[in-house]
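>>> I need the structure of the sequence given here:
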Amino acid sequence: VGCYSIILNNDNGASTDEGNVIRYAGSGGRRRGQNRTAPQSFNQDWNNVTNAALRRNHETGQPVRVIRGPKLQGTHGTSADGGGYRYDGLYSVFKAELVRLPGSMLLTAMFTMTKL
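Residues are numbered from 1 along each chain as shown. Just a heads-up that it's a prediction; the model follows:
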């Protein structure tokens, strides 16, 4: 079973949202109790449940439902429309990879998704 849906609302700035194409930073890499916006402190990996589920979507072609929220940076969030959460359709996980982001030696799971 893969990932049913993701919520784009607030992250550490590693994700990008261009509307029809999303680069989504995976989960993990922080000590227990650290806020989602805290700097990553160790490598992310495929053993993390969220990362493994999204990787499975990539492998099987199962689409992911995308929900956007009011704290999402850029023009695709819901704050200009009064806030709340908005379902924005199905996305295909086009790419799943572990990468080193600019300025970091730590691995981050990155998922590239395209709107169906």
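>>> tell me, please, the helix or strand in the chain that averages the lowest pLDDT.
Each helix and strand of the chain was given a mean pLDDT (mean pLDDT, DSSP states H and E); the minimum falls on strand 16-17 at a mean of 86.
>>> direction included, what does that one pair up with?
If you go by DSSP bridges, strand 16-17 pairs up with strand 21-25 (antiparallel).
>>> what residues sit buried inside the strand it pairs with?
Of the residues in strand 21-25, those scored as buried under the neighbour-count criterion (16 or more other Cβ atoms under 10 Å) are 22, 24, 25. In short, each C-beta sits where N, CA and C put it, glycine included.
>>> identify the residues contacting that strand?
With contacts defined as Cβ atoms under 8 Å, 6 or more residues apart in numbering, strand 21-25 is touched by 6, 8, 11-12, 14-16, 54, 66, 91, 108-115.
>>> what is the neighbour count of residue 62?
For residue 62, the count of nearby residues is 16 (other Cβ atoms under 10 Å).
>>> tell me the pLDDT at the residue lying closest to it once chain neighbours are set aside?
Taking Cβ to Cβ, 6 or more residues apart in numbering as the measure, residue 62 lies nearest to residue 2, with 4.7 Å between them; neighbours along the chain are not counted. The predicted local distance difference test score for residue 2 is 95.
>>> one more: residue 76?
Value for residue 76, per-residue pLDDT: 82.
>>> residues touching residue 44, list them.
Going by Cβ under 8 Å, 6+ apart, residue 44 touches 26, 27, 28, 29, 51, 98, 106, 107, 108, 109.
>>> tell me the pLDDT at residue 93?
What the model reports as pLDDT for residue 93 is 98.
>>> please identify the helix or strand for it.
strand 86-100 (DSSP states H and E).
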